[in-house]
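Peer 1: Turn this into a structure:
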Amino acid sequence: MGISPYAAIVIGSKNMLMKVYEISGGKGFRTVDEIRYEYELGKEAYFTRKITFAQIEEICNVLMEFQQRMREYAITEFRCYATSAIRNAKNQVSVLNQIKIRTGVDVIMLSNSELRFLMYKGIQVLDIDFNKIIEKNTAILDIGSGSVQVSLFDKQALYMTQNLDIGTVKVRGFLESVENNVLDYISVLEEYIQYEFDMFKSGYLKDKDIKNVIAIGDEIKNINRLIPELHLTDTMSYEQILYIYKKIKKASYQDIALKYGLSIEDARMVLPSVLIYKTFLERSKADTVYICATNLCDGSVVDYAQETKKIKLSHDFYQDIVASAKYIGKRYRYSKVHAQYITDLALEIFDKTKKFHGLTQRDRLILEISAILHDIGKYVNLNDPGKNGYQLIISTEIMGLSHREREEVANIVLYNTQELPDTDELDTAFWREEYLRIAKLSSILRLAN
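Peer 2: Residues are numbered from 1 along each chain as shown. Have a look, this model is predicted:
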């Protein structure tokens with residue numbers, strides 16, 4: 001099998017990144033080139049919720065430089081993603097339109113659940129035995145600029161994922177707001193992070209101890225650079241995290257940048273990142289942290305290779321999405337046996353009627369999630385499960401699904417028990433194709449039920 005070139009671009013909160021890969025069925029993934037452009041898009045965007053004209057100009061200029069580099073590598077297949085800084089901006093539609101007009105690049109706007117799922121897929125690029133690690137209670141800790149995602153595994157199955165609103169840029173912003181007003185501002189920052197993790201532990205972890213933590217993203221790579229004297233390779237312990245914390249607790253980010261060769265923006269995020277890791281390890285009682293400096297570009301190349309069938313992966317990501325939905329059902333006391341019967345029937349109807357409905361394998365997944373969650377509304381009130389289920393699903397992230405797909409699941413559950421209205425009567429505006437998909441899938445679910 002030949003080698004396929006591919007490029008992934010990420011318009012992030014702290015930098016723009018492009019990675020060039022070679023994909024081979026026999027040898028897997030190889031990173032050929034990596035280009036990073038530093039800026040401070042997220043700092044302003046998170047607090048003003050707007051991307052300025054000057055920032056749009058900067059993004060477009062960098063994208064055109066990336067395109068020139070892709071031409072040098074003769075790359076025709078690439079994907080470009082935007083993350084939370086643009087996603088949360090009020091003028092995101094205008095920003096994406098200007099990028100398209102000026103550069104010709106269609107930017108993929110990822111929801112948080114899609115972004116975290118791709119980050120998680122990126123682990124497949126690394127040389128670690130992922131399936132072996134997640135045999136025991138394992139948490140994937142993905143620290144981003146806007147939030148932290150915690151995904152929990154047991155016996156190789158994903159059973160829960162939750163987003164916490166304590167990303168590094170937000171924590172840094174909180175730190176800057178208090179460091180000149182209180183004497184021990186580090187303690188105030190620790191209390192702020194501890195409160196978020198205590199709420200998470202009481203609601204989700206309870207008495208379950210975590211054995212392993214897989215730390216992914218750029219932050220763990222930057223932290224690892226602070227301690228060359230420890231000669232770390234693949235793992236890190238709580239004692240070593242504590243050693244780093246004591247080492248940089250009182251250091252200025254200018255000193256950190258100069259001493260360890262980090263950019264000023266990366267150096268600013270070191271203390272928030274270390275505090276997040278330290279607090280999570282204290283609360284979860286984890287033994288080992290696996291250092292996985294993967295990023296969204298790595299997840300993109302795995303996703304592309306999987307879609308185009310260029311590489312066969314050992315881990316079943318489809319089942320992770322299903323397992324995540326089953327955990328939500330369990331949380332809302334669904335009837336596991338009943339949900340499984342309905343799911344099996346719905347999927348059998350779907351498979352036997354393919355030539356009539358013309359739906360895709362992705363639609364089959366949406367149906368499967370809807371069938372698993374079709375009765376969770378009874379947790380709130382037995383008399384109106386459709387409406388209640390709709391509200392619960394809209395309010396709950398489902399790993400690997402976009403916000404739009406989650407809306408589809410919510411509507412399929414709602415119209416499992418109610419008559420589907422005309423398109424102009426729906427609370428949420430759907431395109432004709434989406435409306436037809438909801439109509440077909442809710443009909444299959446209702447028939448199965």
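Peer 1: okay, and for the stretch 1-150 of the chain, where does confidence drop off?
Peer 2: 1, 42-44, 46, 127 (pLDDT under 70).
Peer 1: how about a cut-off of 80?
Peer 2: Across the stretch 1-150 of the chain, the ranges flagged by pLDDT under 80 are 1-2, 25-27, 40-48, 124-131, 135-136, 144-146.
Peer 1: For the residue lying closest to Thr353 once chain neighbours are set aside, grab the count of nearby residues.
Peer 2: In space, and not counting its chain neighbours, Thr353 is closest to Ile444: 7.7 Å by Cβ to Cβ, 6 or more residues apart in numbering. For the C-beta atoms, the positions are set from N, CA and C on the backbone; glycine is no exception. A count of neighbours around Ile444, defined by other Cβ atoms under 10 Å, yields 26.
Peer 1: show me the biggest helix of this structure in terms of residues.
Peer 2: Longest helix in the chain, counting residues (DSSP state H): helix 53-72.
Peer 1: Only the buried residues of whichever helix or strand comes after that one, if you could.
Peer 2: Downstream of helix 53-72, the next assigned helix or strand under DSSP states H and E is strand 78-82. Residues Phe78, Arg79, Cys80, Tyr81, Ala82 are the ones in strand 78-82 that count as buried (16 or more other Cβ atoms under 10 Å).
Peer 1: so what does the helix or strand following strand 78-82 touch, helix or strand wise?
Peer 2: For strand 78-82, the following helix or strand on the C-terminal side (DSSP H and E) is helix 84-87. Counting contacts by 3 or more Cβ pairs under 8 Å, 6 or more residues apart in numbering; DSSP states H and E, helix 84-87 is packed against helix 41-48, helix 92-103, strand 107-109, helix 112-121.
Peer 1: winner for burial among those?
Peer 2: Among the helices and strands packed on helix 84-87, ranked by average contacts under mean count of other Cβ atoms under 10 Å, first place goes to helix 112-121 (a mean of 24).
Peer 1: and the angle from that one to strand 78-82?
Peer 2: Following axes from the mean of the first three to the mean of the last three Cα atoms, to 10 degrees, one obtains 130 degrees for the angle between helix 112-121 and strand 78-82.
Peer 1: from the chain's centre, how far out does helix 112-121 sit?
Peer 2: Helix 112-121 sits 3 Å away from the centroid of its parent chain (Cα atoms, centre = their mean, to the nearest Å).
Peer 1: following it, which helix or strand shows up next?
Peer 2: The helix or strand immediately downstream of helix 112-121 is helix 130-133, counting by DSSP H and E.
Peer 1: Return the set of buried residues in that following helix.
Peer 2: Phe130, Ile133.
Peer 1: repeat for stretch 276-289
Peer 2: For stretch 276-289, a neighbour-count test (16+ other Cβ under 10 Å) marks Ile276, Tyr277, Lys278, Thr279, Phe280, Leu281, Arg283, Ser284, Ala286, Thr288, Val289 as buried.
Peer 1: Extract the C-alpha trace of stretch 14-24 and format it as CSV.
Peer 2: C-alpha atoms of stretch 14-24 as CSV (Å, rounded to 0.1, in the frame of the first residue of the first chain):
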residue,chain,number,x,y,z
LYS,A,14,-2.9,30.4,21.7
ASN,A,15,-1.5,29.5,18.3
MET,A,16,-2.1,28.3,14.8
LEU,A,17,-0.7,24.9,14.1
MET,A,18,-0.2,22.9,10.9
LYS,A,19,1.2,19.3,10.9
VAL,A,20,2.1,17.4,7.7
TYR,A,21,1.8,13.6,7.8
GLU,A,22,2.5,10.5,5.8
ILE,A,23,-0.1,7.7,6.2
SER,A,24,0.9,4.2,5.4
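Peer 1: Can you list phi and psi of Val10 for me?
Peer 2: Reported as degrees, to the nearest 10, the phi and psi values for Val10 are phi -130, psi 120.
Peer 1: Let me see the contact set for the nearest residue to Ile264 once chain neighbours are set aside.
Peer 2: Excluding its sequence neighbours, the residue lying closest to Ile264 (Cβ to Cβ, 6+ apart) is Ala257, at 5.1 Å. With contact set as Cβ atoms under 8 Å, 6 or more residues apart in numbering, Ala257 has these partners: Ser263, Ile264, Asp266, Ala267.
Peer 1: Perfect, I'm done here.
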